[in-house]
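# sequence first, predicted coordinates after that:
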Amino acid sequence: MGEYDKAKTLNQDAFETKKRVLGVDNPSTLESGICLAISMLSMSELDTAERLTREILAAHTRVLGVDHRDTLSTQATLADILLKRCEPKQCLDIITPSSSSPEKRLRHCQSSHTVHFDYSSRR
């Protein structure tokens, strides 16, 4: 079993345990879910990673709001997945919803992820 396989198994166990003990909308549970999705992304399991990340994004948005740093981080993770799938338009749609300023999202992406966009042409 490779290191990515081990990480995925540990993340999956943590996510399932937290869902059962803390509930599906608990921030700690959601954090474990995104760690699992990132493990899947690292293993190029893009369909499963995207599905899980979209579920976590919906929960983060519902529980924490659209401008919370965890929601923004999950959006950037989904953007990473979409870029890996060669879907840049969907990526832009994910990280530039109308409810938050593009500058705030760009600053978050630059500080947390490898996804970087120039928003100057989207105004």
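Looks like it arrived, so ask away.

# what segments of this structure are helices?
3-22, 27-42, 46-64, 69-84, 88-95, 102-112 (DSSP state H).

# so for the longest one, mean pLDDT?
Over the span of helix 3-22, the pLDDT mean works out to 94.

# look up how far residue 69 lies from residue 40.
Applying CB to CB, to the nearest Å, the value for residue 40 to residue 69 is 22 Å. To be clear about C-beta, it is placed using only N, CA and C from the backbone, and glycine gets the same treatment.

# so which of the two has more stuff around it?
residue 40 (23 against 12; other CB atoms under 10 Å).

# identify the residues contacting the more buried one.
By CB atoms under 8 Å, 6 or more residues apart in numbering, the contact list for residue 40 reads 8, 46, 48, 49, 52.

# which two in these are spaced the farthest apart?
Longest distance between any two of the contacts of residue 40 is 13.8 Å, between 8 and 46; criterion CB to CB.

# neighbour count winner among these two?
residue 8 (20 against 14).

# from what I can see residue 64 touches residue 74, true?
No: the criterion here is CB atoms under 8 Å, and residue 64 misses it with residue 74 at 9.5 Å.

# who's more crowded, those two?
When residue 64 is set against residue 74 and neighbours are counted by other CB under 10 Å, the residue ahead is residue 74, at 27 against 17.

# the closest residue to that one other than its chain neighbours and residue 30, how far apart?
Among residues not flanking residue 74 along the chain, residue 57 sits closest, at 4.6 Å (CB to CB, 6 or more residues apart in numbering). Per CB to CB, residue 57 is found 9 Å from residue 30.

# same check, this time on residue 37
In terms of CB to CB, residue 37 sits 10 Å off from residue 30.

# between the two, what contacts are shared?
If you check residue 37 and residue 30 against CB under 8 Å, 6+ apart, the residues they both contact are residue 56.

# among these two, which residue is more densely surrounded?
Ranked by neighbour count (other CB under 10 Å), residue 37 and residue 30 place residue 37 first, with 28 against 25.
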